[in-house]
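Next input, structure requested:
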Amino acid sequence: MTSPPRLLIIGCGDVGLRVLKLLAGRWRVFALTSSPARASALRQAGAVPLRGNLDEPATLGRLTGLADLVLHLAPPAAAGATDARTRHLLAALARRPPTALVYVSTTGVYGDCGGDRIDETRAVNPATDRARRRVDAESQLRAFGRRHGVRVGLLRVPGIYARDREGGHPRERLVRGTPVLRREDDVYTNHIHADDLARACLLALLRGRPQRVVNACDDSELLMGDYFDLAADLAGLPRPERITRAQAAERMSPIQLSFWSESRRLANKRLRRELRLSLRYPTPREGL
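Model prediction:
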């Protein structure tokens with residue numbers, strides 16, 4: 001009898017827990033955590049918790065040869081232009097590499113595309129250190145895959161949302177009265193429901209092509225203001241105030257402004273054709 005796959009999840013937060021729910025105990029799953037307080041929740045969700053910290057390479061020895069499949073969900077550290085955490089992880093895995101590794105990256109690596117429709121052949125153009133860290137991680141992972149014969153998949157992910165995800169529903173922002181840009185200044189934004197992303201992660205582990213990038217996004221093409229108008233209408237809340245870009249520069253934080261400085265519309269043909277994912281929430285109207 002064939003033994004079930006052995007999966008190692010790095011950074012088992014909301015999306016990782018959704019992956020565990022989909023698997024429902026059919027696979028042997030290990031989850032790396034640096035927090036002792038998380039162990040009980042991970043165990044209840046169906047994973048074997050492993051203590052380790054990506055910032056402390058000496059704690060990662062147990063990962064060597066542990067699993068056939070690796071799902072890397074951990075973000076880089078909050079500063080710098082490179083991702084030391086991924087470097088430490090790959091050093092631990094290199095001694096006995098897995099068969100496949102999937103990394104959840106960000107569509108921020110494309111930078112501002114001026115509202116163009118783009119696919120995965122678009123060259124990366126990161127405009128922030130946050131995005132540069134992701135580009136560095138992607139480069140490390142693809143090189144690792146080529147060097148060790150590991151099937152590495154890169155899922156580039158936009159805004160993740162879900163009604164039951166902490167901070168994943170626009171209602172909180174609407175209640176706070178946070179404004180959005182007026183239509184003539186607005187930017188296109190992209191989305192994926194957290195449940196669809198969890199399914200994409202599993203399909204990428206099973207079906208992904210070697211060293212392949214896939215845009216993990218839904219079918220929508222929404223201006224950011226229209227997204228929040230839709231959320232307000234569905235929640236029975238007032239639509240947000242519309243302001244000019246000049247007003248936004250005076251009222252918004254640098255991080256908020258950075259999201260308003262990039263506009264792109266993502267194609268998801270690889271997600272549908274190669275991973276054969278049928279989206280349960282093809283647009284935020286269904287997901288919200």
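
For this structure, spot the helix or strand the model is least confident about on average.
helix 254-259 (a mean of 82; mean pLDDT, DSSP states H and E).

partners of the helix or strand following it, with directions?
Next in sequence after helix 254-259, counting helices and strands by DSSP states H and E, comes strand 265-266. Strand pairing for strand 265-266, using DSSP bridges, gives strand 117-118 (parallel).

mean confidence score for the partner strand?
When pLDDT is averaged over strand 117-118, the result is 97.

so how far is that strand from its chain's centroid?
Offset of strand 117-118 from its chain centre (C-alpha atoms, centre = their mean, to the nearest Å): 19 Å.

contacting residues around that strand?
Applying C-beta atoms under 8 Å, 6 or more residues apart in numbering, the external contacts of strand 117-118 come out as 110, 221, 264-267. To be clear about C-beta, it is placed using only N, CA and C from the backbone, and glycine gets the same treatment.

Would you reformat the residues you listed as TSV and include pLDDT?
Converted to TSV, the contacts of strand 117-118 look like this (pLDDT from 0 to 100):
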residue	pLDDT
Tyr110	98
Glu221	93
Arg264	97
Arg265	98
Leu266	98
Ala267	97
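
Out of those, which comes closest to Arg209?
Proximity of the contacts of strand 117-118 to Arg209 (C-beta to C-beta) peaks at Ala267, which lies at 16.7 Å.

I figured the closest one hits Asn215, correct?
Yes - between Ala267 and Asn215 there is a contact at 6.5 Å, judged by C-beta atoms under 8 Å.

Now the common contact residues for these two.
The overlap between the contact sets of Ala267 and Asn215 (C-beta under 8 Å, 6+ apart) consists of 119-120.

Over to Val152: give its phi and psi.
The phi and psi values for Val152, taken as degrees, to the nearest 10, are phi -100, psi 130.

Give me the number of neighbouring residues for it.
Residues near Val152, counting by other C-beta atoms under 10 Å, number 27.

Might one say that it is in contact with Ser105?
No - using C-beta under 8 Å, Val152 makes no contact with Ser105, being 11.3 Å away.

thinking again about what came up before, filter the contacts of strand 117-118 down to the buried ones, ChimeraX style.
Buried members of those, defined by 16 or more other C-beta atoms under 10 Å, are picked up in ChimeraX with:
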select :110,264,265,266,267
